[in-house]
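[1] A structural model of the following input is requested.
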Amino acid sequence: MIKALFETINSGSDASFLVNSFNLEKFNVPYHFHPEFELTLILKGKGKRYVGKQMADFDAGDLVLLGSDLPHSWKSESISTPGFHAKSIVAQFDKSFLGTDFFDRPELSNIRNLLKISAHGIHFTGQTAKEIGARMSVLAQEENALKKMLLLLDILEDLADSKEFVLLDQDGVVATQINSNKDRINAALGYIIDNFRNDIVLNEVSAVVNMSPNAFCKYFKRVTNKTFLDTVIDYRINFAVQQLLSTDRPVSEISFDSGFGDVSHFYKLFKRRMKMSPLNYRKSFQKGL
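    Next comes the predicted model:
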């Protein structure tokens, strides 16, 4: 039984922030969160990115800034050949890594605002992602500690000036929770992310957050403004949409792989949400191309 995990990050005594390069067989870190801000660049690999309540495809060049305690995970798609298929650069820093009031200075107002917005998760696109991606590689290779710190601040300042971005967890459900609520909602979302393609058991997820099923359903609706079941269906429909647009798999196969046990029920829910059938949705997209 999996829930959003708390990660402890230790920058060590010789640095106030971390910059790590990873070369892996695949991205399979569980849905987790930590108090540090995180800037992640995907150099190689593709699959699904989970930030707060949002799920989306990712590919090489993916550049995302994550706020403090915002749960997240990158999960690689199925890989049949051996080897290293996942590569990334990750910078992690605490808001007070240069002093408790460092970002309160007027000269740093742009970065301060950027860090506030990052509570929703920020996906940078276009030329910004390309330029910052190249400088992230320089950041990872820089050995001089002072130059490394200045490079990070320079990157954050340019990200703050960019207009090429998309907020990921746009409803801000996770971002706006007080600390006492974050653990519970993160645990519930973590359960959904790891299980929505399989059978969802209400007793299991309510046990994860130490609540009765009835109390959990009321809590989830109050916090997210959606029922637990509607949220599970959102994830399943979202996954099905991405499969319809990126593969030529049969609709029935996509239906079962998305967590729907009955194809006719899938058609009914899909049409209600997307205003057209799965087949027409695919054809409409292909016609647009």
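
[2] continuing past the worst-scoring helix or strand of the chain on mean pLDDT, what's the next helix or strand?
    The weakest-scoring helix or strand in the chain, judged by mean pLDDT, DSSP states H and E, is strand 5-6 (a mean of 52). Using DSSP states H and E, the helix or strand that follows strand 5-6 towards the C-terminus is strand 18-24.

[3] then that next one to CSV, C-alphas only?
    Extracted C-alpha coordinates of strand 18-24, given in CSV (Å, rounded to 0.1, in the frame of the first residue of the first chain):
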residue,chain,number,x,y,z
LEU,A,18,22.1,20.3,-3.9
VAL,A,19,22.6,19.8,-7.6
ASN,A,20,22.6,16.1,-8.7
SER,A,21,22.8,14.3,-12.0
PHE,A,22,21.0,11.0,-12.4
ASN,A,23,21.5,8.3,-15.1
LEU,A,24,19.1,5.5,-14.5
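
[4] for the record, mean pLDDT for the next helix or strand after it?
    Per DSSP H and E, strand 18-24 leads on to strand 32-33 as the next helix or strand towards the C-terminus. Average pLDDT, strand 32-33: 84.

[5] may I see the buried residues of whichever helix or strand comes after strand 32-33?
    Counting by DSSP H and E, the next helix or strand C-terminal to strand 32-33 is strand 37-44. With burial defined by 16 or more other Cβ atoms under 10 Å, the residues of strand 37-44 counted as buried are 37, 38, 39, 40, 41, 42, 43. C-beta here means a position set from N, CA and C on the backbone, and glycine is covered the same way.

[6] give the rounded mean pLDDT of stretch 100-115.
    Mean predicted lDDT for stretch 100-115 stands at 90.

[7] outside of that stretch, which residues touch it?
    Here stretch 100-115 makes contact (Cβ atoms under 8 Å, 6 or more residues apart in numbering) with 37, 65, 67, 95, 96, 122, 153, 156, 157, 159, 160, 161.

[8] let's see 6 Å
    156, 157, 160 (Cβ atoms under 6 Å, 6 or more residues apart in numbering).

[9] could I get these as CSV with pLDDT, neighbour count and distance to residue 231?
    Formatted as CSV, these follow (pLDDT from 0 to 100; neighbours: other Cβ atoms under 10 Å; distance: Cβ to Cβ, whole Å):
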residue, pLDDT, neighbour count, distance to residue 231
156, 96, 24, 33
157, 95, 14, 37
160, 94, 17, 32
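
[10] just the ones of the residues you listed in helices?
    The helices, defined by DSSP state H, take in 156, 157, 160 from these.

[11] one step back: dump the buried residues of strand 37-44 to JSON lines, plus pLDDT and distance to residue 105.
    Shown next, in JSON lines, are these (pLDDT from 0 to 100; distance: Cβ to Cβ, whole Å):
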{"residue": "37", "pLDDT": "95", "distance to residue 105": "17"}
{"residue": "38", "pLDDT": "97", "distance to residue 105": "23"}
{"residue": "39", "pLDDT": "97", "distance to residue 105": "21"}
{"residue": "40", "pLDDT": "97", "distance to residue 105": "26"}
{"residue": "41", "pLDDT": "97", "distance to residue 105": "27"}
{"residue": "42", "pLDDT": "97", "distance to residue 105": "32"}
{"residue": "43", "pLDDT": "96", "distance to residue 105": "33"}
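
[12] wasn't residue 198 part of a strand?
    No. Applying DSSP: H, G, I helix; E, B strand; the rest coil, one finds residue 198 to be coil, outside a strand.

[13] against residue 115, how distant is the nearest residue to it once chain neighbours are set aside?
    In space, and not counting its chain neighbours, residue 198 is closest to residue 259: 6.4 Å by Cβ to Cβ, 6 or more residues apart in numbering. Plainly put, residue 259 is 35 Å away from residue 115 if you go by Cβ to Cβ, to the nearest Å.

[14] burial of residue 117, as a residue count?
    By other Cβ atoms under 10 Å, 15 other residues sit near residue 117.

[15] repeat that for the one 10 residues further on.
    Using other Cβ under 10 Å, residue 127 is surrounded by 10 other residues.

[16] give me the mean pLDDT for whichever strand or helix holds it.
    Element membership for residue 127, per DSSP H and E: helix 126-141. Averaged over helix 126-141, pLDDT sits at 96.

[17] could you list the buried residues of that helix?
    For helix 126-141, using 16+ other Cβ under 10 Å, the buried residues are 128, 129, 131, 132, 133, 136, 139, 140.

[18] of those residues, which pair is most distant in space?
    Largest separation among those by Cβ to Cβ: 128 and 140, giving 18.3 Å.
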